[in-house]
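[1] no FASTA, just this:
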């Protein structure tokens, strides 16, 4: 089955820095890649997604890059703030009636003021 | 607006005791429903999913069972808890059909400690 690897497992940065979270997957049939964020004490929430027919998607300070050939994604967060501190999860799923999205193990981001 | 409510917020249970966790979705008919287990450290493991009332598919075997007695309700249970059942249980829903079926919307979770 699909395997999703996420690196690094943790990041500690100063406010204002940019960070990069990498994600790779194994199943070439995966076509949809949503990312989620889990702030301390809060529920997991969707933050950005990309489909396999795209190479890049941006939402304010978040930029998601996708390379279908290498089966690799990267989430770039610019001008980080303490409120960005959270665990970030990459996930992958195939098209059609697939109800088993695969998640990476998460990247813990801590942004110090 | 759709809301998802999980209960209880937290449980402390003894090994060998039964467990029932619940999840209710309001404001959305015929959602796809999911149960996830999150270990300390964050890894998410999908346990079950359901696309319609009365139908539940198991993803992993962890001596747990799930049921969907109503369109808006998903129940996770076991008759005998193990120490390994400790963790954070998350319920989620997604739309049925269309592109939006791909995004998961999570509940606040139930923290379970088995002693």
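    Noted; the coordinates are in hand. Everything numeric in this text was worked out from a predicted model, so none of it was measured. Numbering: from 1, shown residues only, chains lettered A, B, ... in the order given.
[2] end-to-end on stretch B:60-69?
    Criterion Cα to Cα, to the nearest Å; first-to-last residue distance in stretch B:60-69 is 21 Å.
[3] average pLDDT for it?
    In this model, stretch B:60-69 has an average pLDDT of 92.
[4] which parts of stretch B:16-36 are buried?
    Using 16 or more other Cβ atoms under 10 Å in any protein chain shown as the test for burial, stretch B:16-36 gives B:19, B:21-25, B:28, B:31-36. (Glycine included, C-beta is placed from N, CA and C.)
[5] Pull the most distant pair out of those.
    Of all pairs drawn from the buried residues of stretch B:16-36, the greatest distance, 26.2 Å, lies between B:19 and B:28 (Cβ to Cβ).
[6] Tell me the residues on chain A that lie near chain B, please.
    By Cβ under 8 Å from any Cβ of the partner chain, the residues of chain A that approach chain B are A:32, A:34, A:36, A:38, A:42-46, A:49, A:87, A:89, A:93, A:97, A:99-101, A:103, A:105-106, A:108.
[7] Quick check: pLDDT value at the closest residue to residue B:51 other than its chain neighbours.
    Using Cβ to Cβ, 6 or more residues apart in numbering or on different chains and skipping the chain neighbours, the partner closest in space to residue B:51 is residue B:32 (5.2 Å). In this model, residue B:32 is scored at 90, pLDDT.
[8] what pairs with residue B:32 across the strands?
    Note on residue B:32: beta-bridge partners residue B:94, judged by DSSP bridges.
[9] go on, residue A:35?
    Residues in a beta bridge with residue A:35, per DSSP bridges, are residue A:48, residue A:90.
[10] Distance check, it against residue A:70.
    Residue A:35 is 18 Å from residue A:70, where distance means Cβ to Cβ, to the nearest Å.
[11] Which one of the two is surrounded by more residues?
    Between residue A:35 and residue A:70, counted using other Cβ atoms under 10 Å in any protein chain shown, residue A:35 has the larger neighbour count: 21 against 8.
[12] Let me see the ranges of the strands in chain A.
    For chain A, the strands defined by DSSP state E cover A:4-7, A:10-14, A:19-25, A:30-38, A:45-51, A:56-59, A:62-67, A:72-77, A:86-94, A:102-103, A:107-112.
[13] Mind listing what's buried along the third one?
    I take that to be strand A:19-25. A:19, A:21, A:22, A:23, A:24, A:25.
[14] Could you export those residues as CSV, including pLDDT?
    Listed next are those as CSV, based on pLDDT from 0 to 100:
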residue, pLDDT
A:19, 98
A:21, 98
A:22, 98
A:23, 98
A:24, 98
A:25, 97
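[15] Give me the buried entries from the residues of chain A next to chain B.
    A:32, A:34, A:36, A:38, A:43-44, A:49, A:87, A:89, A:93, A:99, A:101, A:103, A:105-106, A:108.
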